[in-house]
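Trainee: Build me a structure from this.
(one chain, ligands or ions: 1)
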Amino acid sequence: MNDITDTPRTARPAAVSDDAHAGPCTGLHLDALRIRLGATTLVALDTLIAPGEVLSVMGPSGSGKSTLLNQIIGAPAPAFQSDGQVRLDGQDLTGMGPQARHIGLLFQDDLLFPHMSVGSNLAFALPAGLRGRRARRAAVEAALAEAGMPGYADRDPATLSGGQRSRVALMRTLLSAPRALLLDEPFSRLDADLRRTMRDLVFGEVRRRRLPTLLVTHDREDAQAAGGRILDPLGRPVAPPADGDPGP
Ligand SMILES: Nc1ncnc2c1ncn2[C@@H]1O[C@H](COP(=O)(O)OP(=O)(O)OP(=O)(O)O)[C@@H](O)[C@H]1O
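Mentor: Residues are numbered from 1 along each chain as shown. Below you'll find the predicted structure:
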């Protein structure tokens, strides 16, 4: 059956709470964040991404989008120098490792573990604090139901369609109870119809869960569909295209 007709349900995983990380949710702050490679400044952003907001950072290949994401997750390559701060809900993340930051990532490749069932892939992401086999299984089942895929827990990922894999990957990211979400061209391998479906699902979840979200993309349609501000890596607003101009 065609994926596109499998409308995801809107119920949320019972065991995954917005309160998993208590404290005021003020968003993801990029405070005078500058990243340089030698003499070249690749990234210069000074902004707050509010809860539920998607900020799109758009730029061509090599403009610094992955560099920005790596900095935010806490895994910058040694070649880069940076100054400024990344703060999440007021907490300065400087010096914190990637795991401790609780930032969810969604890539263009779904990166599901091929040797694990769909259910095990999802369970792997659950916070360690969620204890008890039954509670963990319930969280996985609820996530699959939310993705419009009830009963898929025992399936081998290799037997899923591209759209189903994308939905499992999204649910896996959300099950980790992230405090913010980074989207790295997550729709670029999907065909046009599926792309629209996944955009609706992802951006809907972002708003419902009030996740501050950063999308990096070279695709103007994806950035526009996100419905928020569109900047380049140097913090300049990206202008809408002139008629007939497909943009960068
Ligand atoms: N580990 C590294 N060491 C040195 N230079 C790097 C490293 N990674 C990336 N670069 C360089 O930094 C610049 C920015 O690269 P980056 O990967 O952030 O671009 P991008 O916008 O994500 O590109 P793409 O859209 O192709 O993924 C490029 O000039 C790239 O060659």
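Trainee: Tell me how far residue 162 lies from the ligand.
Mentor: To the ligand, residue 162 is 21 Å away according to C-beta to the nearest ligand atom, to the nearest Å. To be clear about C-beta, it is placed using only N, CA and C from the backbone, and glycine gets the same treatment.
Trainee: For residue 188, see how far away that residue is.
Mentor: Separation of residue 162 from residue 188 (C-beta to C-beta, to the nearest Å) stands at 12 Å.
Trainee: same thing with residue 39?
Mentor: In terms of C-beta to C-beta, residue 39 sits 31 Å off from residue 188.
Trainee: Past the longest helix along the chain, which element shows up next along the chain?
Mentor: When the chain is parsed with DSSP state H, its longest helix is helix 192-209. Remark: after helix 192-209, the chain's next helix or strand is strand 213-217, criterion DSSP states H and E.
Trainee: What residues does the residue lying closest to residue 79 once chain neighbours are set aside make contact with?
Mentor: Excluding its sequence neighbours, the residue lying closest to residue 79 (C-beta to C-beta, 6 or more residues apart in numbering) is residue 37, at 6.1 Å. Residues in contact with residue 37 (C-beta atoms under 8 Å, 6 or more residues apart in numbering) are 67, 79-81.
Trainee: Filter the residues you listed down to the buried ones.
Mentor: Buried subset of those (neighbour count, 16 or more other C-beta atoms under 10 Å): 67, 80.
Trainee: Of the contacts of residue 37, which belong to helices?
Mentor: Those of the contacts of residue 37 lying in helices (DSSP H): residue 67.
Trainee: follow-up on the earlier one: mind checking how far the longest helix of the chain is from the chain centre?
Mentor: Distance of helix 192-209 from its chain centroid, counting by C-alpha atoms, centre = their mean, to the nearest Å, is 11 Å.
Trainee: Also stretch 216-228?
Mentor: Here stretch 216-228 is found 13 Å from its chain centre; the criterion is C-alpha atoms, centre = their mean.
Trainee: who does residue 183 bridge with?
Mentor: Beta bridges link residue 183 to residue 106, residue 215, judged by DSSP bridges.
Trainee: burial count for the residue lying closest to residue 92 once chain neighbours are set aside?
Mentor: In space, and not counting its chain neighbours, residue 92 is closest to residue 85: 5.6 Å by C-beta to C-beta, 6+ apart. Using other C-beta atoms under 10 Å, residue 85 is surrounded by 13 other residues.
Trainee: tell me the contacts of residue 85?
Mentor: 29-33, 92-94.
Trainee: From the ligand, how far out is it?
Mentor: Distance, residue 85 to the ligand, by C-beta to the nearest ligand atom: 20 Å.
Trainee: three-state assignment of that residue?
Mentor: Here residue 85 is recorded as strand under DSSP: H, G, I helix; E, B strand; the rest coil.
Trainee: residue boundaries of the strands in the protein?
Mentor: Ranges of strands in the chain, per DSSP state E, are 28-37, 40-49, 54-58, 80-88, 91-92, 103-106, 180-184, 213-217, 230-231.
Trainee: relative to strand 28-37, how tilted is the fourth one?
Mentor: If you take axes from the mean of the first three to the mean of the last three C-alpha atoms, to 10 degrees, strand 80-88 sits at 180 degrees to strand 28-37.
Trainee: Determine the angle, from 0 to 180 degrees, between strand 80-88 and strand 40-49.
Mentor: Going by the same axes, to 10 degrees, strand 80-88 makes 0 degrees with strand 40-49.
Trainee: pLDDT below threshold where in this structure?
Mentor: Applying pLDDT under 70 to the chain flags residues 1-25, 242-248.
Trainee: Name the nearest residue to residue 107, ignoring sequence neighbours.
Mentor: Counting by C-beta to C-beta, 6+ apart, residue 184 is the residue found nearest to residue 107 once chain neighbours are left out, at 4.9 Å.
Trainee: Perfect, that will be all.
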